[in-house]
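Visitor: model the following, please.
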Amino acid sequence: LTFNNKTLSEGTYGTAYTSTAFDRASNGTGSYTYSIKSGAPTGATINSTNRTISFTNSTAAGTYNVVVTATDNNSGKTKDATMKIVINKANNAITLNCASLTYNGSSKTLASGGTGVTYSNNTRTSAGSQTVTITANSGYRFSDGTTSKTLSCTIAKATPTLTQSATSGSATTANTASYT
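Guide: Residues are numbered from 1 along each chain as shown. Here you go, the predicted model:
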C-alpha cells in the first residue's frame, strides 16, 4: 500500500478551513477510506470521498502535521502519511474614527475597528492630539505582517457660542456672538 506525505493548502485564523485534496492511496486491492490519526486540532474532520481535511474558524494559527491513515477496504492494510497544514495569523483592517471628532465635554474613543486587537491610550476628554497604540492579539497580525501600530488622533476645539439676552421694558432681544 502506498500513501504519500503532502503539504496542503494554507488557511487563515478566523476563517473556516478546508484543505486541497491529498493524494489517493494506491497499490492496494480495493477502495480506500481515510481517518485522522493524530496532529489535528480539536474538531478537525476528514472527508474520505474528497480527500480533504476541515477545521473550524477558531483553529489557532500554526503548523499542523496531521497524520492520516489510509485503509484498504478489501485487505484491511493501513498506511500513514503526514499532511502538513499551515494556518496563518489573521490580517486586520483598522479604521480611524477620529478625523471628525470635536470636543463637547465628554470622553471620546479615538480609534476603532479590526478583529483581534487591543487599543491602548484610546480615549480623550479634551481637545488636542494623542497617540493611540493598537496591538494585535495572539493569532492575529496586520495586513503588513506587523503586530503593533500607532496612530495619531486629534480632537478639534469646539466653537463656543455665547448667548446674551437683554430686557428693555416688555420686549426681549437676544444676541448671539461666536468666538474662538
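Visitor: output stretch 151-160 as CSV, nothing but the C-alphas.
Guide: C-alpha atoms of stretch 151-160 as CSV (Å, rounded to 0.1, in the frame of the first residue of the first chain):
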residue,chain,number,x,y,z
LEU,A,151,-2.0,56.3,15.2
SER,A,152,-2.1,60.0,15.9
CYS,A,153,-5.7,61.2,16.5
THR,A,154,-6.9,64.8,17.1
ILE,A,155,-10.0,66.1,18.7
ALA,A,156,-10.8,69.6,17.4
LYS,A,157,-11.6,72.5,19.7
ALA,A,158,-15.3,73.3,19.8
THR,A,159,-16.5,76.7,18.6
PRO,A,160,-18.2,78.2,21.7
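Visitor: in it, what's buried?
Guide: 151, 153, 155 (16 or more other C-beta atoms under 10 Å). Glycine gets a C-beta too; all of them are placed from N, C-alpha and C.
Visitor: and the second one, how close does it get to K77?
Guide: In this view, C153 and K77 are 65 Å apart by C-beta to C-beta, to the nearest Å.
Visitor: nearest spatial neighbour of T123, skipping sequence neighbours?
Guide: Spatial nearest neighbour of T123, chain neighbours left out: S107 (5.1 Å); criterion: C-beta to C-beta, 6 or more residues apart in numbering.
Visitor: OK, contacts around that neighbour?
Guide: 123-125 (C-beta atoms under 8 Å, 6 or more residues apart in numbering).
Visitor: tell me the buried residues in stretch 111-120?
Guide: Per 16+ other C-beta under 10 Å, stretch 111-120 contains these buried residues: 111, 114, 116-117, 119.
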